[in-house]
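Asks: Sequence unavailable; structure follows:
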């Protein structure tokens with residue numbers, strides 16, 4: 001009887017662990033410049049099923065440490081699915097990353113790692129859906145995790161970006177009207193079988209979820225909400241460029257070469273919330289690693305201390321300000337939290353970033369990580385150029401996982417009233 005009770009307790013504990021959604025784990029200080037790469041370009045990790053890509057990162061310890069990887073298939077809410085690995089992965093994971101190179105001609109030493117999917121061990125991924133990739137150390141402890149998405153092209157998603165319907169936010173929000181349309185799938189029970197994910201500039205941590213269709217026309221699912229599908233428009237991303245690490249170029253005020261590695265002091269940013277909207281070209285939060293004096297920037301681009309400073313005299317100090325972008329996966333960790341300098345009456349932060357071209361923004365959040373979009377440091381303007389992506393998840397009654405059967409894209413440059 002005791003053995004049965006112990007078995008049931010163990011089973012219940014295992015099921016409880018299995019039911020818990022796995023949160024993305026931020027990397028330690030020595031792991032930098034994590035990026036998904038496709039066709040030699042840093043990209044958002046949303047790929048068509050069957051396409052190849054790479055995960056790249058640097059280890060500032062530069063000691064050629066052993067790292068391993070594991071791939072986990074997840075459902076719509078990023079919980080691990082009950083699908084056996086053999087059903088979604090052809091080959092094996094839990095293998096050592098073998099492609100790594102030490103830095104060359106750089107003051108900051110580092111080892112650069114590249115994990116290609118597919119590779120000689122992991123032949124290909126069979127199923128669409130949400131995935132997490134875990135990077136493990138030689139003790140098989142998690143170093144960091146990153147999300148990526150594989151989709152199928154079975155439905156079309158035409159999207160219209162509109163200004164908000166509410167007069168109080170018409171100048172500050174974007175509203176998405178869209179349709180889910182397919183000639184390949186007959187939607188028998190769309191309220192139960194269809195889920196959507198709405199992304200602004202492909203940020204998974206700010207996605208809008210669990211929106212059901214308002215009505216159907218034939219096999220078309222119509223989403224025309226006034227409030228449920230709205231995003232705060234934000235402002236254009238800020239940027240700096242240090243492709244020549246010894247020169248003060250775009251938005252760099254001065255270079256400090258009296259330290260073991262270079263330092264770049266940026267011009268102090270003014271909070272743009274109370275200023276009129278002004279267009280500046282950005283890459284919607286992305287970044288480019290490049291050293292113009294090198295042949296291979298992956299291992300010849302150097303690191304520099306970037307000194308950020310922000311003047312925000314009207315900001316209430318009951319919340320925190322973070323420097324975020326794709327360069328740090330929009331992480332709200334202490335490493336990126338700004339400190340207030342009472343002598344200068346500005347917020348400051350020094351962050352170690354690989355040289356190139358980097359978009360960033362100032363993000364307000366409380367100590368629980370809840371972002372304050374309405375009171376954004378740089379305001380919200382409907383004129384802001386944002387990219388919007390909508391993913392369509394589909395699960396029939398007999399399915400054991402959420403397929404992603406389509407993706408739609410739109411840009412707010414085509415906003416209509």
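Replies: Yep, that arrived. Just so it is clear, the model here is predicted, and its values are computed rather than measured.
Asks: for the residue nearest to residue 156 when sequence neighbours are not counted, what are its contacts?
Replies: Spatial nearest neighbour of residue 156, chain neighbours left out: residue 181 (5.0 Å); criterion: CB to CB, 6 or more residues apart in numbering. To be clear about C-beta, it is placed using only N, CA and C from the backbone, and glycine gets the same treatment. Counting by CB atoms under 8 Å, 6 or more residues apart in numbering, residue 181 touches 155, 156, 157, 158, 219, 220, 221.
Asks: pLDDT wise, what is the nearest residue to residue 82 once chain neighbours are set aside at?
Replies: Spatial nearest neighbour of residue 82, excluding adjacent residues (CB to CB, 6+ apart): residue 400 at 6.1 Å. Residue 400 carries a pLDDT value of 87.
Asks: Which residue ranges of the stretch 201-350 of the chain form helices?
Replies: Secondary structure of the stretch 201-350 of the chain (DSSP state H, counting those that start in this stretch): helices at 297-300.
Asks: before we move on, back to that, in contact with the residue nearest to residue 82, which residues?
Replies: 81, 82, 83.
Asks: Let me see the domain layout of the chain.
Replies: What the record gives for the chain is the domain set 31-151, 159-234+383-414, 238-365, from the TED database.
Asks: Against residue 138, how distant is residue 106?
Replies: 25 Å (CB to CB, to the nearest Å).
Asks: swap in residue 369?
Replies: 31 Å.
Asks: do residue 359 as well
Replies: 35 Å.
Asks: Compare those two (neighbour count), which wins?
Replies: residue 359 (21 against 10; other CB atoms under 10 Å).
Asks: quick one: pLDDT of the closest residue in space to the more buried one that isn't next to it in sequence?
Replies: Excluding its sequence neighbours, the residue lying closest to residue 359 (CB to CB, 6+ apart) is residue 237, at 4.0 Å. For residue 237, the model assigns a pLDDT of 97.
Asks: Please report the number of neighbouring residues for residue 237.
Replies: 23.
Asks: quick one: contacts for it?
Replies: Residue 237 touches 282, 283, 284, 285, 325, 359, 360, 361, counting by CB under 8 Å, 6+ apart.
Asks: my guess is the third one contacts residue 201, does it?
Replies: Think residue 284. Yes - the criterion here is CB atoms under 8 Å, and residue 284 meets it with residue 201 at 4.4 Å.
Asks: residues shared between the contacts of those two?
Replies: Shared contacts of residue 284 and residue 201 (CB under 8 Å, 6+ apart): 386, 387.
Asks: So which of these two has more stuff around it?
Replies: The neighbour count for residue 284 versus residue 201, taken as other CB under 10 Å, is higher for residue 201 (23 against 18).
Asks: And that one, what's its pLDDT?
Replies: In this model, residue 201 carries a pLDDT of 96.
Asks: What values do phi and psi take at it?
Replies: Here is the backbone geometry of residue 201 (degrees, to the nearest 10): phi 50, psi 30.
Asks: Now do the buried residues in stretch 182-201.
Replies: 182, 185, 187, 193, 194, 195, 196, 197, 198, 199, 200, 201 (16 or more other CB atoms under 10 Å).
Asks: Relative to residue 92, which of these is nearest.
Replies: residue 197 (29.6 Å; CB to CB).
Asks: State the helix or strand in which the closest one lies.
Replies: strand 194-200 (DSSP states H and E).
Asks: Surely residue 81 and residue 74 touch.
Replies: Yes - counting by CB under 8 Å, residue 81 touches residue 74, with 6.2 Å between them.
Asks: Now for those two: what residues contact both?
Replies: With CB under 8 Å, 6+ apart as the test, residue 81 and residue 74 both reach residue 129.
Asks: before we move on, back to that, out of the buried residues of stretch 182-201, which comes closest to residue 351?
Replies: residue 201 (20.2 Å).
Asks: so can I have JSON lines of the domains of the chain showing distance to residue 373?
Replies: Shown next, in JSON lines, are the domains of the chain (distance: least, CB to CB, whole Å):
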{"stretch": "domain 31-151", "distance to residue 373": "20"}
{"stretch": "domain 159-234+383-414", "distance to residue 373": "4"}
{"stretch": "domain 238-365", "distance to residue 373": "8"}
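Asks: Point out where the chain drops to low pLDDT.
Replies: 1-22 (pLDDT under 70).
Asks: what separates residue 344 from residue 311, distance-wise?
Replies: As defined by CB to CB, residue 344 lies at a distance of 9 Å from residue 311.
Asks: one step back: out of the contacts of residue 400, who has the most neighbours?
Replies: Tallying neighbours with other CB under 10 Å puts residue 81 at the head of the contacts of residue 400, with 19 neighbours.
Asks: Which residue, neighbours along the chain excluded, lies closest to residue 383?
Replies: Leaving aside its chain neighbours, residue 383 sits nearest to residue 277 (4.9 Å; criterion: CB to CB, 6+ apart).
Asks: would you list every one of the strands in the stretch 101-250 of the chain?
Replies: Ranges of strands within the stretch 101-250 of the chain are 111-117, 122-125, 129-136, 142-151, 159-163, 173-180, 194-200, 208-209, 215-217, 220-223, 230-232, 238-241, based on DSSP state E, counting those that start in this stretch.
Asks: Surely residue 33 and residue 59 touch.
Replies: No - with contact defined as CB under 8 Å, residue 33 does not count as touching residue 59 (10.1 Å).
Asks: Just give me the neighbour total for residue 56.
Replies: Using other CB under 10 Å: residue 56 sits among 18 other residues.
Asks: That one: what's it in contact with?
Replies: Under the criterion of CB under 8 Å, 6+ apart, the neighbours of residue 56 are 33, 34, 35, 36, 37, 112, 113, 114, 115, 298.
Asks: I figured the fourth one hits residue 45, correct?
Replies: Yes - with contact defined as CB under 8 Å, residue 36 reaches residue 45; the gap is 4.2 Å.
Asks: where do the contact lists of those two overlap?
Replies: 53, 146, 148.
Asks: For the second one, give its distance to residue 407.
Replies: So the one you mean is residue 146. Applying CB to CB, the value for residue 146 to residue 407 is 19 Å.
Asks: Now do the buried residues in stretch 144-163.
Replies: Applying 16+ other CB under 10 Å to stretch 144-163 flags 144-152, 154-155, 157, 159, 161-163 as buried.
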